[in-house]
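*Asks:* Any chance you could fold what I've pasted below:
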Amino acid sequence: MIIRLATLNDMPGIMQLVAEVVPAMNAAGNFQWDSTYPNAKVFENDIALNQLWVAGAEGDIAGIAAITTAQEPEYADVGWNIAEMAVVTHRLAVSVRYRGRGIAAKLLQQAEHEATSRGIKTLRIDTNSNNKATRQLFPKLGYEFAGEIGLAFRPNLRFYCYEKRLDRDQL
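*Replies:* Numbers count the residues shown, from 1 in each chain. Modelled structure (predicted):
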């Protein structure tokens, strides 16, 4: 498996992954993604900003993650100082055909690598409150639960926020 920055040439594979993942998410009671979000324009913007990473496996796009510094204003509702620079992972997904292979963990390790290379000590992520897989994964990778929020751009959904401090050992 290779973790690399996405290019526009990856768009068909990215959109295929989304088409696979959304029905599986919805069937599990997780409505974080739907037919309108995320869409091609969102991913094209991520690619233009050099912040969309893909996990390639067997010639396929097996996973994706937008590794950004963009924090939602609502993150302040869990007590986070959103003026503090943080690497934030958005749009993390793994193809249903590649689940159970550690791909999400590898993409989150890439986020940690990006943070370290930029001298950033804080990693943040949110997930739909009904996403059992990520709610189990994040603590295994050292993320601590910070609280629950709503997001204006995804009304009627609740999200759990998690944070990992890379300087925790020095506190």
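
*Asks:* going forward, measure contacts between C-alpha atoms and count neighbours the same way
*Replies:* Noted.

*Asks:* Other residues contacting the helix or strand where Ala65 lies?
*Replies:* Taking DSSP states H and E as the criterion, Ala65 maps to strand 60-68. Under the contact criterion Cα atoms under 8 Å, 6 or more residues apart in numbering, strand 60-68 has outside partners 10, 13-14, 17, 46, 51-56, 87-95, 97-98, 103-104, 107, 111, 114.

*Asks:* just checking, what packs against the biggest strand by length in the chain?
*Replies:* For the chain, the strand with the greatest residue count under DSSP state E is strand 154-165. Packed against strand 154-165, as judged by 3 or more Cα pairs under 8 Å, 6 or more residues apart in numbering; DSSP states H and E, are the following elements: strand 122-128, strand 144-151.

*Asks:* Could you give me the PyMOL syntax to select whichever of the contacts of strand 60-68 are buried?
*Replies:* Per 16 or more other Cα atoms under 10 Å, the buried members of the contacts of strand 60-68 correspond to this PyMOL selection:
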select buried, resi 10+13+14+17+46+51+52+53+54+55+56+87+88+89+90+91+92+93+94+95+103+104+107+111+114
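
*Asks:* Now do the contacts for Ala146.
*Replies:* Val78, Gly79, Tyr160, Cys161, Tyr162, Glu163.

*Asks:* likewise Glu163?
*Replies:* Glu163 neighbours (Cα under 8 Å, 6+ apart): Thr122, Leu123, Arg124, Ile125, Tyr143, Glu144, Phe145, Ala146.

*Asks:* ok, so of these, who is nearest Asp167?
*Replies:* Of all these, Asp167 sits closest to Thr122, with 7.9 Å by Cα to Cα.

*Asks:* Could you tell me how many residues sit around that closest one?
*Replies:* Neighbours of Thr122 under the rule other Cα atoms under 10 Å: 19.

*Asks:* Next, count neighbours for the nearest residue to Asp34 once chain neighbours are set aside.
*Replies:* Excluding the flanking residues, the one nearest Asp34 by Cα to Cα, 6 or more residues apart in numbering is Val22, at 6.0 Å. Residues contacting Val22 under the criterion other Cα under 10 Å number 21.

*Asks:* Could you do Ala65 as well?
*Replies:* When neighbours are counted by other Cα under 10 Å, Ala65 comes out with 26.

*Asks:* Could you do Ile149 as well?
*Replies:* 20.
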